[in-house]
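K.L.:
One predicted model, sequence on top.
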Amino acid sequence: MVFLSFVYRFFTNFAFMAMVYFSLNFMEKYQNRAIIAILVLVYAAMRAASTLRAFYFFQKIEKLEAETRRLQAPINDGSGGTSARKQVVADVARLRRDGELKSYMDLFFLALIVLLCVAAIMRQ
């Protein structure tokens, strides 16, 4: 399922980029093309801000993981039954890492979309 989530994220980002590319290239009038490019740039800026905010969230989760491991170390010495807690921390770490990779993928495609929009605005 993890691999499928990466594939899904790649294809949705690629489809959005293809839609932007074809919509900008088939506009004949410069004014219409510039308006579409500016609207897409505004949308890309909003998505980029949301993605950057997600990185801040992932950073806080990473700090919580480290604190949980630090607090869990003395507990692991004397008692059993901590394998479930260790598994939860490992699952959270894996989900955080996968979320970061997806966010990097989003930022990459957003950068490509910004380049397409700027090229469409500059081209006459």
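P.N.:
Thanks, I have it.
K.L.:
Pull up the per-residue confidence for the residue nearest the centre of the chain.
P.N.:
By Cα atoms, centre = their mean, the chain has its centre lying nearest to Ser103, at 1.8 Å. As summarised for this prediction, Ser103 has a pLDDT of 95.
K.L.:
Would you check that it makes contact with Tyr56?
P.N.:
No: here Ser103 does not reach Tyr56: they are 10.8 Å apart, not a contact under Cβ atoms under 8 Å. Bear in mind the C-beta positions are built from the backbone N, C-alpha and C, glycine included.
K.L.:
What ranges does the protein have for its helices?
P.N.:
Counting by DSSP state H, the chain has these helices, from start to end: 2-25, 30-78, 83-122.
K.L.:
Which elements pack onto the longest one?
P.N.:
It refers to helix 30-78. Counting contacts by 3 or more Cβ pairs under 8 Å, 6 or more residues apart in numbering; DSSP states H and E, helix 30-78 packs against helix 2-25, helix 83-122.
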